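Asker: model this:
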Amino acid sequence: MRVLVVSTWYPSAERPGETPFVPRHVRAIARHHDVRVLHVRLLRTGPAAQEEWDGVPVLRLPFHPLSPATVLRAWAEVGRHLAAADVLHTMPFSAALVCLPVARRRPWVHTEHWNGVLTPEQNGPLWRRLAWSRRILRLPDRVTGVSTMMCEVLRRFADPERVERIGNVVDHAEHVTAPPRGRRLELLAVGALRAIKDPLLAVEAVAWLRDAGHDVRLTWCGAGELEQDVRDRARELGLEGRVLLAGTVGAEEVQRRLAASDVFLLPSRSETFCVAAAEALAAGRPVVMGAVGGQRDFVHPRNGRLVAERTPEAFGQAVLDVVGAHALLPPEEMAHEIRSVYGSERIAADLDRLYRSVVPRPGAGRRL
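Answerer: The predicted model follows:
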């Protein structure tokens with residue numbers, strides 16, 4: 001089957017680590033289907049660029065509302081590629097908006113990753129005024145959300161019978177190792193240094209653990225606008241050497257750091273799914289997170305803690321709980337549980353089934 005993926009999020013040479021869950025979805029699609037990607041680059045101008053990313057053809061299409069030529073060119077390219085496709089797959093919401101003029105020419109699947117659809121109140125006043133536009137999600141033949149929480153919201157705007165949960169693909173190393181459990185308690189966080197991830201609360205939880213008599217260190221993989229604020233707060237609390245900002249690192253480095261950690265800690269205020277937490281579980285590491293978001297689908301008392309009280313003490317105590325818990329799953333079982341649901345083979349099979357449910361059988365005719 002020929003699948004055309006149109007996404008406004010995709011890694012590129014200048015931003016190789018951007019939204020890695022989208023190309024993982026694409027790789028899963030490519031297990032069973034011929035896939036092409038149109039990366040619509042919002043608020044960009046200039047020429048289109050054809051390249052290959054991770055073995056998949058990708059056409060980069062600038063799209064700027066103040067440059068009508070880019071808009072018309074992008075629509076023309078989407079229409080041209082769609083004519084040769086069996087199914088259109090858009091992700092996330094902004095891609096559905098871009099494709100509206102041409103999307104109904106083919107069976108249409110949409111996958112929602114954006115937390116703006118889930119929690120408009122966390123995405124600024126302009127989007128809060130425009131959030132009613134989520135009603136366009138009634139148009140695709142199938143809509144998938146990456147978490148139960150996302151699907152519950154999607155069913156308010158799309159036909160409930162057309163909404164289905166298909167999670168993100170969770171990459172993982174082949175082998176699971178036991179946590180180091182050395183003299184120092186090693187914590188790992190993976191995520192952008194942004195307010196929604198609440199890295200300042202993570203720093204304060206480290207201070208609480210130190211004051212409670214524990215030798216502890218937090219390594220944070222990721223960059224963002226709060227980097228200097230985090231450094232300043234760590235210095236104010238006397239945490240020199242206990243909070244390490246590693247910056248943006250590749251997938252192999254994340255796996256190495258997971259293997260060297262005892263607990264994954266991320267006090268996010270909300271998550272659409274949280275691939276990083278799922279990857280921690282796939283590496284056999286317990287997870288301590290905030291209680292709001294898609295992680296509720298896979299974090300439970302036998303593999304982590306979801307913390308509702310947003311205080312350093314609550315998160316620090318949750319870390320100690322999982323370190324000392326006797327009822328946690330062994331690392332290998334923790335890893336198997338998450339891989340069986342979110343491994344690439346499972347997601348590939350789910351997407352294949354979904355496409356076959358919307359593409360007309362030979363001789364059944366095609367929608368105009």
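
Asker: where do the helices of the stretch 101-250 of the chain begin and end?
Answerer: Applying DSSP state H, counting those that start in this stretch to the stretch 101-250 of the chain gives helices spanning 115-118, 124-130, 148-154, 199-211, 227-236.

Asker: residue 87 is nearest to which of those?
Answerer: Of all these, helix 148-154 sits nearest to residue 87, with 19.1 Å by Cβ to Cβ. Using the backbone N, CA and C atoms, a C-beta is placed for each residue, glycine as well.

Asker: identify the residues contacting that closest one?
Answerer: Helix 148-154 has contacts (Cβ atoms under 8 Å, 6 or more residues apart in numbering) with 112, 117-118, 137, 143, 145, 163-165, 272-273, 293-294, 296-297.

Asker: any chance of a markdown table for the helices of the stretch 101-250 of the chain, columns mean pLDDT?
Answerer: Below are the helices of the stretch 101-250 of the chain laid out as a markdown table (pLDDT from 0 to 100):
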| stretch | mean pLDDT |
| --- | --- |
| helix 115-118 | 91 |
| helix 124-130 | 91 |
| helix 148-154 | 96 |
| helix 199-211 | 98 |
| helix 227-236 | 98 |
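
Asker: could those helices go into TSV alongside distance to residue 172 and mean neighbour count?
Answerer: Below are the helices of the stretch 101-250 of the chain laid out as TSV (distance: least, Cβ to Cβ, whole Å; neighbours: other Cβ atoms under 10 Å):
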stretch	distance to residue 172	mean neighbour count
helix 115-118	24	22
helix 124-130	34	11
helix 148-154	22	20
helix 199-211	23	22
helix 227-236	28	15
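
Asker: export those helices as TSV, with columns for distance to residue 361.
Answerer: Converted to TSV, the helices of the stretch 101-250 of the chain look like this (distance: least, Cβ to Cβ, whole Å):
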stretch	distance to residue 361
helix 115-118	32
helix 124-130	39
helix 148-154	27
helix 199-211	51
helix 227-236	54
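
Asker: next one: stretch 346-360 to chain centre, how far?
Answerer: 21 Å (Cα atoms, centre = their mean, to the nearest Å).

Asker: buried stuff in it?
Answerer: 346-348, 350-352, 354-355, 358-359 (16 or more other Cβ atoms under 10 Å).

Asker: ok, now stretch 34-51?
Answerer: 35-42.

Asker: contacts for that stretch?
Answerer: Taking contacts as Cβ under 8 Å, 6+ apart, the residues outside stretch 34-51 that touch it are 1-8, 10, 12, 26, 29, 53, 56-64, 67, 70, 73-74, 77-78, 81, 85, 94-95, 98.

Asker: from those residues, which ones fall inside helices?
Answerer: Residues of those located in helices (DSSP state H): 26, 29, 70, 73-74, 77-78, 81, 94-95, 98.

Asker: show me which of those residues is closest to residue 283.
Answerer: Set against residue 283, the nearest of these by Cβ to Cβ is residue 26 (23.2 Å).

Asker: residue 270 against residue 295, yeah?
Answerer: No - counting by Cβ atoms under 8 Å, no contact exists between residue 270 and residue 295, whose distance comes to 9.8 Å.

Asker: between the two, who's got more neighbours?
Answerer: Set residue 270 next to residue 295 and count neighbours by other Cβ atoms under 10 Å: residue 295 wins out with 27 against 20.

Asker: may I have whichever strand or helix holds residue 320 exported as PDB, CA atoms only?
Answerer: Here residue 320, judged by DSSP states H and E, is contained in helix 312-324. Extracted in PDB, the C-alpha atoms of helix 312-324 (Å, rounded to 0.1, in the frame of the first residue of the first chain):
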ATOM      1  CA  PRO A 312      10.100  18.700  46.200                       C
ATOM      2  CA  GLU A 313       9.300  16.500  49.200                       C
ATOM      3  CA  ALA A 314       6.600  14.600  47.300                       C
ATOM      4  CA  PHE A 315       8.800  13.900  44.300                       C
ATOM      5  CA  GLY A 316      11.800  13.100  46.500                       C
ATOM      6  CA  GLN A 317       9.800  10.700  48.600                       C
ATOM      7  CA  ALA A 318       8.500   9.000  45.500                       C
ATOM      8  CA  VAL A 319      12.100   8.400  44.400                       C
ATOM      9  CA  LEU A 320      12.900   6.800  47.700                       C
ATOM     10  CA  ASP A 321       9.700   4.700  47.500                       C
ATOM     11  CA  VAL A 322      10.700   3.100  44.200                       C
ATOM     12  CA  VAL A 323      14.300   2.600  45.200                       C
ATOM     13  CA  GLY A 324      13.100   0.800  48.300                       C
END
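
Asker: show me what the helix or strand following it is packed against.
Answerer: Using DSSP H and E, the next helix or strand after helix 312-324 towards the C-terminus is helix 331-342. Packing contacts for helix 331-342, counted by 3 or more Cβ pairs under 8 Å, 6 or more residues apart in numbering; DSSP states H and E, involve helix 275-282.

Asker: parallel or antiparallel, which strands does the helix or strand just after the helix it packs on pair with?
Answerer: As assigned by DSSP H and E, the chain's next helix or strand after helix 275-282 is strand 287-290. The strands beside strand 287-290 in its sheet (DSSP bridges) come out as strand 263-266 (parallel), strand 304-307 (parallel).
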